[in-house]
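Student: sequence plus the predicted model coming up.
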Amino acid sequence: MSTMDGNPSAHGAASPHRRIPEAEEPQTGHSIEDRIKGALVKSLRLGLDPAVIPNDIPLIGKGLGLDSVSILQLVGAVEEAFGITVDDTDINRDLFQSINSVAAYVRKKLPTE
Amino acid sequence: MQGVLQARIYDQLARDPDQRCVGFYAANGEVTWRTREAFALNAKAMAARMRSEGLGRGDVCILVLPSKEFCATALTAALMTGAVPLLVAPPIIQGANSSLERILARTIRKTQARMVIADSSLAPLQSKLQRARRDARLLIGEEMLAGGSADDFVPVTPAEHDVAALQLTSGTTGFPRVCVWKQHKVVAALEAMVGAMRLTPEDVCFNWTPLYHDMGLVNNFFLCLANGVPLVLLSPQTFVKRPALWLRGLASTGSTITWSPNFGYAITAKMARDADLEGVCLERVRAFWNAAERIHLDTIQTFRHRFASYGVRPEALKTNFGCAENVGGATFSEPDRGFVHEWVDRRALYEDHVAVSLEGADEGRGVAIVGAGRPAPGLEVQILSRQGKPLPEGHVGEVALRTPSRMEGYLHNQKATRRALCGDLLRTGDLGYVRGQELFWVGRVRERINVFGKKLDPSDFERALLQVDGLRPGCFAAFGVDDEARGTQRIVVVSEVRPETSRDPADLKEDVRDRLQRDLGIDVSEVVLVPKGTLTKTSSGKRRHRHFRQMYLDGALPTFKFQLQNV
């Protein structure tokens, strides 16, 4: 297949990312943004280094172009990573504008200490 | 009244009032059961509200709701008023979008809907939908149906030859066709399924497929309600977020039967971790039905091996072929055994349209075709040539059904109805062959894309692509490519580019994806840009999606050389 790269879940993600072997655990930092990127890469098996994903890249449409099933998988991974519940009614275009917008949502949902 | 869906449902609801009727499985693993009595009371109270808002026998009631308790109750309530329900897929990504607005407005007009029930996220559409039909009563938000009283409400029982329900064909893009189902045909479909599945009141069904899809609506909701079989519903969104919940729910509710398109098996095998499945035993599940999109041998085998230690038995893995035009399932794996498959010669299959059996994969010569089961009682499968003549065993042609549950036709679409209802047959538009009594599904007569159980017609893409500057109008191909890892298809769009365009190719590709997402709500995996003159049409002006799909797979599509053109 000419254009398939053996990476079934890239969903058109911009190409020049460094690929890492699937078995290798993605290296993630400790910021909420980094943890979201880690959850994204892991749940969708993107085979990318999370660090190369820009914080402002749109997740739907232009940008990563995640489909609705992938968005739900990401939501599941974020819920699990942070122990929060994302209401179905919160799953809208604004939320998935960028990693930053997801992070802002997570911050609002996390219990304040 | 034996041939009336409502009569069957009321009869079951009136028996053993304390018996479990519908359960709602939550993300925390708790199931909230409604007894027959409680479910009937809730539905009656809502039906009383619907009636007071003007809904009556024979009126079309459109429901645009997530597949949760409110939807299940409202659907039953609509049936109790004698209305004709039509379920439309609500958006997963919340909020109104142009594709949903167009589909809804057109469906409201086309069906002359009396009532539209939607959740509050669609409030921004209120005035636009009202313009589509001034007489339609729009009830947006659950609270609009609250406060009814079941006390004096007497449920309506329609007649056998009344329309029971309308169903959109499973695509959600473009303008889906509307299948018209008569009462006695729906009941015939349910009876065939009871026989083919050997359904008994001891069964418990567990379903995460959406209620707006015929798999959720007929194979689960109608089937269970009309036969007194307890049904557990898990929201499709929750399932996709955490597929392990499907298996946990099956085990904890003692369920025996469940349905899913192929991709559900694929993502569950991939995502469900052992840590999520502690204590889960699936030995009671006697049927994991796989239907509604191409069934991959790899997917079923991976699922089976992955969960064998949890009690998944080979004979429980079953396959089915059905379509909205037949109301419910048409062919089913045999009750006492699992799915069958065979290896056939790839070239002979796709070029000569004959299925020549092989011993195995035979170094790439062979392709595995999974059987879709044998005809349900009272149903007959015929394979037709292009000229409509019956073909012998092993020859690939259009799958036609002689079936007791055939739809009445497509609403206000005589041309498509004439094509589908041919003599006493239902022509399905699917390609397949028969061996023994088993039907083997091979593809579609017209190229269609099949992704996550939805069928998309490439011709729907044209209008959206016309909006993208830099593309040659109408010169495109769109097709699905099997994505085995996800167990479904991914969408590829190929388009010719205007030679004079100065647009950046990456921008152009993003525009195509963005436009198709906004206008049709679909996600394109890959956009390939090709030079003018690549995507030639047939002599009769038809697009050759299938041909260009093969060129794409062979790596034979030329790419557009922007650099050279734009120097």
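Tutor: Perfect, I can see it now.
Student: switch to C-alpha atoms for all contacts and neighbour counts from now on
Tutor: OK.
Student: can you map out the strands along chain A?
Tutor: Taking DSSP state E as the criterion, chain A carries no strands.
Student: show me the shaky parts of it.
Tutor: A:1-29, A:61-62, A:113 (pLDDT under 70).
Student: not counting sequence-adjacent ones, nearest residue to the residue nearest the centre of it?
Tutor: Most central in chain A under Cα atoms, centre = their mean is A:Leu40, positioned 2.8 Å from the mean C-alpha point. Spatial nearest neighbour of A:Leu40, chain neighbours left out: A:Leu74 (5.7 Å); criterion: Cα to Cα, 6 or more residues apart in numbering or on different chains.
Student: just give the number of residues close to the one you found.
Tutor: A:Leu74 has 23 neighbouring residues, counting by other Cα atoms under 10 Å in any protein chain shown.
Student: tally of neighbours for whatever residue of the stretch 151-300 of chain B ends up closest to chain A?
Tutor: At 4.3 Å from chain A, B:Lys241 is the closest residue in the stretch 151-300 of chain B, using Cα to the nearest Cα. Residues near B:Lys241, counting by other Cα under 10 Å, number 24.
Student: correct me if wrong: it contacts A:Ser68.
Tutor: No: counting by Cα atoms under 8 Å, B:Lys241 stays clear of A:Ser68, with 11.0 Å between them.
Student: how close does the residue of the stretch 451-567 of chain B found nearest chain A sit to B:Gly195?
Tutor: Residue nearest to chain A within the stretch 451-567 of chain B: B:Gly555 (4.2 Å; Cα to the nearest Cα). Relative to B:Gly195, B:Gly555 is positioned 47 Å away (Cα to Cα, to the nearest Å).
Student: circling back: ok, the residue nearest to the centre of chain A - contacts?
Tutor: A:46, A:74, A:77-78 (Cα atoms under 8 Å, 6 or more residues apart in numbering or on different chains).
Student: most neighbours among these, which one?
Tutor: Highest neighbour count within the contacts of A:Leu40: A:Val78, with 25 neighbours (other Cα under 10 Å).
Student: any idea how far A:Ile57 is from that residue?
Tutor: Counting by Cα to Cα, the gap from A:Val78 to A:Ile57 is 17 Å.
Student: ok, now B:Thr238?
Tutor: The gap separating B:Thr238 from A:Ile57 is 26 Å, by Cα to Cα.
Student: more neighbours: which of those two?
Tutor: Neighbours of B:Thr238 and A:Ile57, each counted by other Cα under 10 Å, are more numerous for B:Thr238; the result is 20 against 16.
Student: which residues does the residue lying closest to B:Ala416 once chain neighbours are set aside bridge with?
Tutor: Of all residues not flanking B:Ala416 in the chain, B:Tyr410 sits nearest, at 6.9 Å (Cα to Cα, 6+ apart). On the basis of DSSP bridges, B:Tyr410 is bridged to B:Cys179.
Student: B:Tyr410 contacts B:Ala420, doesn't it?
Tutor: No: look at B:Tyr410 against B:Ala420 with Cα under 8 Å: they stay out of range, at 9.0 Å.
Student: neighbour count winner among these two?
Tutor: B:Tyr410 (23 against 19).
Student: tell me the pLDDT at the more buried one?
Tutor: pLDDT recorded at B:Tyr410 is 96.
Student: show me what contacts the nearest residue to B:Ala136 once chain neighbours are set aside?
Tutor: Spatially, and ignoring its direct neighbours in sequence, B:Ala136 is nearest to B:Arg114 (4.6 Å; Cα to Cα, 6+ apart). B:Arg114 is in contact with B:54-55, B:59-61, B:135-137, counting by Cα under 8 Å, 6+ apart.
Student: swap in 6 Å and give it another go.
Tutor: B:59-60, B:136 (Cα atoms under 6 Å, 6 or more residues apart in numbering or on different chains).
Student: and what of B:Leu5?
Tutor: Per Cα under 6 Å, 6+ apart, neighbours of B:Leu5: B:Val187.
Student: what does the one 5 residues further on give?
Tutor: Neighbouring residues of B:Tyr10 by Cα under 6 Å, 6+ apart: there are none.
Student: ok, now the one 10 residues further on?
Tutor: Applying Cα under 6 Å, 6+ apart, we find B:Arg20 in contact with B:35, B:230.
Student: let's go with 7 Å and repeat that
Tutor: Contacts for B:Arg20 (Cα atoms under 7 Å, 6 or more residues apart in numbering or on different chains) come out as B:33-36, B:230.
Student: same check, this time on B:Glu334
Tutor: Contacts of B:Glu334 by Cα under 7 Å, 6+ apart are B:373-374.
Student: how far away is it from A:Lys108?
Tutor: Taking Cα to Cα as the measure, B:Glu334 falls 53 Å from A:Lys108.
Student: I'd like the next helix or strand past the strand ranked longest in chain B.
Tutor: When chain B is scanned for its longest strand (criterion: DSSP E), the result is strand B:471-483. Scanning forward in sequence from strand B:471-483 by DSSP states H and E, the next helix or strand is strand B:488-497.
Student: strand B:471-483 and that following strand, what's the angle between them?
Tutor: 160 degrees (axes from the mean of the first three to the mean of the last three Cα atoms, to 10 degrees).
Student: sheet-wise, list the partners of strand B:488-497 with their directions.
Tutor: strand B:471-483 (antiparallel), strand B:526-530 (parallel).
Student: what mean pLDDT does that strand have?
Tutor: 88.
Student: can I get that strand in PDB, CA atoms only?
Tutor: Extracted in PDB, the C-alpha atoms of strand B:488-497 (Å, rounded to 0.1, in the frame of the first residue of the first chain):
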ATOM      1  CA  THR B 488     -13.300  -1.100  10.400                       C
ATOM      2  CA  GLN B 489     -12.500   1.100   7.300                       C
ATOM      3  CA  ARG B 490     -10.700   4.400   7.000                       C
ATOM      4  CA  ILE B 491     -11.800   7.000   4.400                       C
ATOM      5  CA  VAL B 492      -9.500   8.100   1.600                       C
ATOM      6  CA  VAL B 493     -10.400  11.000  -0.700                       C
ATOM      7  CA  VAL B 494      -8.500  11.500  -3.900                       C
ATOM      8  CA  SER B 495      -9.000  14.700  -5.800                       C
ATOM      9  CA  GLU B 496      -7.600  16.400  -8.900                       C
ATOM     10  CA  VAL B 497      -6.000  19.700  -8.300                       C
END
